[in-house]
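A.B. asks: Could you look at this predicted model? Sequence included:
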Amino acid sequence: MPEPVRARLEALGEAPTSVIVVGSMNADYTVTTKRLPKPGETVNGGAMRILPGGKGANQASAAARLGANVRMLGAVGEDANADFLIGKLDEAGVDTTDILHVEGPSGTTLITVSAEGENTIVYSPGSNAKATAGYVQSHRATIAECAVLGLCLESPISTVIAAAETAHDAGVTVLLNDSPFMDELPHELVEATDILLVNQHEVAQLLGLPDDGGTDYDWYEVTSRFTDYGFDRAIVTLGASGSIVIEDGRWHRVSAVQVDAVDTTGCGDSFMGTVLASLAAGYTLLQSAQIGSYVSAYAATKLGAQSAYGTVEEIVSYFS
């Protein structure tokens, strides 16, 4: 790990400002297999594990484990998974005071992980669908106290828009992860978003590019297309090829960090959580992505999402 990246990583916990995440919390029902099944095929799997997940909770947990001050807004149900999910966020250091409790089941995902670390995921929103725009707006003072807001699309779109607009009006930086992918983002959401985060497949669909994994893109052209869409700042994650950071009409490539991957579930969320924590600490988007490369690589070395996220000390030790 380069010394500048290490120093910035170790300083994340000293940031005086906070991160807020409005998003999902899910119980991840995870099973490992030798390989992923083809359509209509049955394969043998290992023991089922129930792990804490949900894109919003993952992002909040990753940021908190790095020492950031993190608050979470979202909804859990009235089942045993609700206590499990909130308990795991509490363990990570996330402020869960304002999480909503509603009737019905909490959100769940069904995840299959292959021996190569690849995965398939099916999402059932449950209580996440009941985190309303009104609920978010009732916490506008809490949002306004933070430096950066993290959003994904596992919450109702009206709730996501309300959160983005509330933060935007308060001068809070809004980072949107267009996942689960939506190819036509509402105009109000684009207007209220400062930074967009997408992967190599999502950028192709969003901007009408060939889906070649980003290997042959003219990134100057991509930068121009992002601007035309309404985003002057963006990060495109490219899996094993690293990421591209776009800002002020320029683009920069961030190299991937090579590890022996065990499970890539939640690695993208750990990357985004790191970017949230880094932006709150005052780092540039490029510096944030550079730190995120190491944090997300570390997450790939363990099974699960939140259960795989490391503290600053663990990550520094691993790459020393």
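C.D. replies: Yes, it's here.
A.B. asks: going forward, measure contacts between C-alpha atoms and count neighbours the same way
C.D. replies: Noted.
A.B. asks: ok, which stretches of the protein are strands?
C.D. replies: 18-22, 26-32, 49-53, 69-73, 75-76, 100-101, 107-113, 119-124, 148-151, 173-177, 195-199, 233-237, 243-247, 250-254 (DSSP state E).
A.B. asks: Among these, which comes closest to Thr132?
C.D. replies: strand 75-76 (9.1 Å; Cα to Cα).
A.B. asks: Neighbouring strands - and their directions - for that closest one?
C.D. replies: According to DSSP bridges, strand 75-76 forms sheet pairs with strand 100-101 (parallel).
A.B. asks: what does the strand it pairs with rub up against?
C.D. replies: 73-78, 131 (Cα atoms under 8 Å, 6 or more residues apart in numbering).
A.B. asks: mean pLDDT for the strands of the chain: which is lowest?
C.D. replies: Comparing mean pLDDT across these, the weakest is strand 119-124, with a mean of 87.
A.B. asks: the inter-axis angle of that one versus strand 26-32?
C.D. replies: Angle of strand 119-124 versus strand 26-32, following axes from the mean of the first three to the mean of the last three Cα atoms, to 10 degrees, is 150 degrees.
A.B. asks: counting contacts, what elements does strand 119-124 pack onto?
C.D. replies: For strand 119-124, the elements it packs on are strand 107-113, judged by 3 or more Cα pairs under 8 Å, 6 or more residues apart in numbering; DSSP states H and E.
A.B. asks: Output the strand it packs on as CSV - backbone C-alpha positions only.
C.D. replies: Coordinates of each C-alpha in strand 107-113 appear next as CSV, following Å, rounded to 0.1, in the frame of the first residue of the first chain:
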residue,chain,number,x,y,z
GLY,A,107,-35.7,-7.0,3.5
THR,A,108,-33.9,-10.2,2.4
THR,A,109,-31.6,-11.3,-0.4
LEU,A,110,-30.9,-14.8,-1.7
ILE,A,111,-27.2,-15.1,-2.7
THR,A,112,-25.3,-17.9,-4.4
VAL,A,113,-21.5,-17.7,-4.4
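A.B. asks: List the contacts of that strand.
C.D. replies: Residues outside strand 107-113 that contact it (Cα under 8 Å, 6+ apart) are 24-33, 35-36, 54, 76-77, 119-128, 263.
A.B. asks: now these: which count as buried?
C.D. replies: Among the contacts of strand 107-113, those classed as buried by 16 or more other Cα atoms under 10 Å are 24-33, 35-36, 54, 76-77, 119, 123-128, 263.
A.B. asks: ChimeraX command for the buried members of the contacts of strand 100-101?
C.D. replies: If you want just the buried ones from the contacts of strand 100-101 in ChimeraX, going by 16+ other Cα under 10 Å, the selection is:
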select :73,74,75,76,77,131
